[in-house]
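In: predicted model follows, preceded by the sequence.
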Amino acid sequence: MARKLRPYFEAHTIKVLTDKPLKQVLTKPDTSGRLIKWSVELGEYDVKFEARPAIKSQVLADFVGDNTPTECMEENPSEKERGMWKLSVDGSFYITGSGAGLVLTSPDGWTLEYALRFRFKATNNEAEWEALIAGLTIAKHLEVQKIEASSDSQLVVGLASGEYEAREDSMAKYLSHLQSLKSAFEVFRILKVPRVENA
């Protein structure tokens, strides 16, 4: 009989814990007849009676609020973040010439890496601008809608985000070119990152 009861009680645990007749079986060992048999059979399963008090609606709301994992909420990106591409740029100036590197990463995680070598003299900030414009041009041709660019150049990020004003003609031209490219994107952001994180 114990084998027959095992699946029943494993499947009906809530019923066992809230059924009033079972309270009598479990709490009064001096009962006779069938109740003793049930008491012996149920004794094997370490069943305890717990009365279920009335549950108020606020208790349920508190329970759900307290036991909802925060990771689930953080994993779902906002609508604005969904489909966001990442562009990392870095320019460099050498005595022998200048160049730049850029990495374009899709929301799915695949990357495009480019190394640029310029056939003209460029300062470090101009190389950063060239890398940013090249990366945005590639993203535009790929029909990217949302992009977040990062650079370690304070000047480039400040000008692109509107925090700084262009004082040199070359910087004003780069900024003008950037403004025409920005219109191709639904969302465009640029962030300043520390040099050590932009290797």
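Out: Yep, it's here.

In: which residues touch Thr137?
Out: Thr137 sits next to Leu181 when contact means C-beta atoms under 8 Å, 6 or more residues apart in numbering. Using the backbone N, CA and C atoms, a C-beta is placed for each residue, glycine as well.

In: measure it to Glu113 for me?
Out: 16 Å (C-beta to C-beta, to the nearest Å).

In: repeat that for Met84.
Out: Distance, Met84 to Glu113, using C-beta to C-beta: 19 Å.

In: cool, Gly43 as well?
Out: Distance, Gly43 to Glu113, using C-beta to C-beta: 69 Å.

In: of Met84 and Glu113, which one has the most company?
Out: Met84 (18 against 10; other C-beta atoms under 10 Å).

In: next one: Leu155 from Thr96, what distance?
Out: Note on Leu155: its distance to Thr96, by C-beta to C-beta, is 23 Å.

In: more neighbours: which of the two?
Out: Each of Leu155 and Thr96 has its neighbours counted (other C-beta under 10 Å); Leu155 has more, 18 against 4.

In: now do the contacts for the more buried one.
Out: Counting by C-beta under 8 Å, 6+ apart, Leu155 has contacts 125, 128, 164, 171.

In: what about it, which helix or strand?
Out: Assigned by DSSP states H and E, Leu155 belongs to helix 154-161.

In: could I get the buried residue list for that helix?
Out: For helix 154-161, a neighbour-count test (16 or more other C-beta atoms under 10 Å) marks 155-157, 159-160 as buried.

In: C-alpha coordinates for it, CSV please?
Out: Provided in CSV are the C-alpha atoms of helix 154-161 (Å, rounded to 0.1, in the frame of the first residue of the first chain):
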residue,chain,number,x,y,z
GLN,A,154,38.3,64.0,-25.3
LEU,A,155,38.2,66.6,-28.1
VAL,A,156,36.5,64.4,-30.7
VAL,A,157,33.8,63.2,-28.2
GLY,A,158,33.3,66.7,-26.8
LEU,A,159,32.8,68.1,-30.3
ALA,A,160,30.6,65.2,-31.5
SER,A,161,28.4,65.4,-28.5
